[in-house]
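Enquirer: With the sequence up front, the predicted model follows.
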Amino acid sequence: DAKTTQPPSMDCAEGRAANLPCNHSTISGNEYVYWYRQIHSQGPQYIIHGLKNNETNEMASLIITEDRKSSTLILPHATLRDTAVYYCIVRGILTGGGNKLTFGTGTQLKVEL
Amino acid sequence: KAGVTQTPRYLIKTRGQQVTLSCSPISGHRSVSWYQQTPGQGLQFLFEYFSETQRNKGNFPGRFSGRQFSNSRSEMNVSTLELGDSALYLCASSSGSRVGTEAFFGQGTRLTVV
């Protein structure tokens, strides 16, 4: 799976949009971009994933650049409950199939009043 | 729809003992993966089971093993516990093997080895 690079930490004011960047310059054509978050001491929570096109769900939007070398997760109206570590993961097809997520160090997002 | 259930939530064991952790996936999900999370190493993949067969394995010693039952429930076992095995153990379930499917995590089992 391709390696990802994320800033170690970011701050965001409550009610504002949080834009979390991720660089995955070595991504290959069949690899998806996944985002998870982990609130302290809980299991990671799936947020969103995409291949080429921008994606939106009730939690967030995912913007993938045309060359697919980077992406941005957007939380449109951040709340204090969005304070968490956000992981950007690039996931490809394993030989023989399978599910394996390779987590990096993520971005600690702190939402403040 | 019930989520991923891991039991027990907390566990304290002594060095040299063994431990078994349990994971019940979301109903209908056939893939169960296990992860170890420590402050020093972060989240690391242990192994994945699909239809009772281990399909992928991470870089952990043979003391870490697992199995999956016909109802997709999974257990992982750690033998001869070491202090360094203290960690949050997480399991994730997924509906299948397609790379575009998402994995859902349980709350984890916090293992402390003393």
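Expert: In hand now; what should we look at?
Enquirer: how about the residues of chain B that lie near chain A?
Expert: B:4, B:31, B:33, B:35, B:42-45, B:48, B:50, B:55-56, B:58, B:88, B:90, B:92, B:94, B:97, B:99-108, B:110 (CB under 8 Å from any CB of the partner chain). Using the backbone N, CA and C atoms, a C-beta is placed for each residue, glycine as well.
Enquirer: Next, work out how far apart A:Gly43 and A:Ser70 are.
Expert: Per CB to CB, to the nearest Å, A:Gly43 is found 27 Å from A:Ser70.
Enquirer: Looking at those two, which one has more neighbours?
Expert: Neighbours per residue, other CB atoms under 10 Å in any protein chain shown: of A:Gly43 and A:Ser70, the larger number sits with A:Gly43, 21 against 18.
Enquirer: elements contacting the helix or strand of chain B with the lowest mean pLDDT?
Expert: Every helix and strand in chain B was compared by mean pLDDT, DSSP states H and E; the lowest is strand B:53-57, with a mean of 89. If contacts are counted by 3 or more CB pairs under 8 Å, 6 or more residues apart in numbering or on different chains; DSSP states H and E, strand B:53-57 sits against strand B:42-50, strand B:64-68.
Enquirer: Okay, buried residues for the longest one please.
Expert: Within strand B:42-50, the residues scored as buried using 16 or more other CB atoms under 10 Å in any protein chain shown are B:Leu43, B:Gln44, B:Phe45, B:Leu46, B:Phe47, B:Glu48, B:Tyr49, B:Phe50.
Enquirer: Quick check: bridge partners of the last one?
Expert: This points to B:Phe50. Beta bridges link B:Phe50 to B:Ser31, B:Thr53, judged by DSSP bridges.
Enquirer: Looks like it contacts B:Ser31 (just checking).
Expert: Yes: B:Phe50 lies in contact with B:Ser31 (CB atoms under 8 Å); the separation is 4.7 Å.
Enquirer: quick check, nearest of the buried residues of strand B:42-50 to B:Asn71?
Expert: B:Asn71 lies nearest to B:Tyr49 out of the buried residues of strand B:42-50, by CB to CB, at 12.2 Å.
Enquirer: Quick check: chain neighbours aside, which residue is closest to that closest one?
Expert: Excluding its sequence neighbours, the residue lying closest to B:Tyr49 (CB to CB, 6 or more residues apart in numbering or on different chains) is B:Gln68, at 3.7 Å.
Enquirer: go on, A:Leu20?
Expert: Leaving aside its sequence neighbours, A:Leu20 sits nearest to A:Leu73 (CB to CB, 6+ apart; 4.4 Å).
Enquirer: what's the neighbour count on the one you found?
Expert: 25.
Enquirer: in its sheet, what does the helix or strand hosting it sit against?
Expert: Element membership for A:Leu73 (DSSP states H and E) is strand A:70-75. Here strand A:70-75 is paired, per DSSP bridges, with strand A:18-23 (antiparallel), strand A:61-64 (antiparallel).
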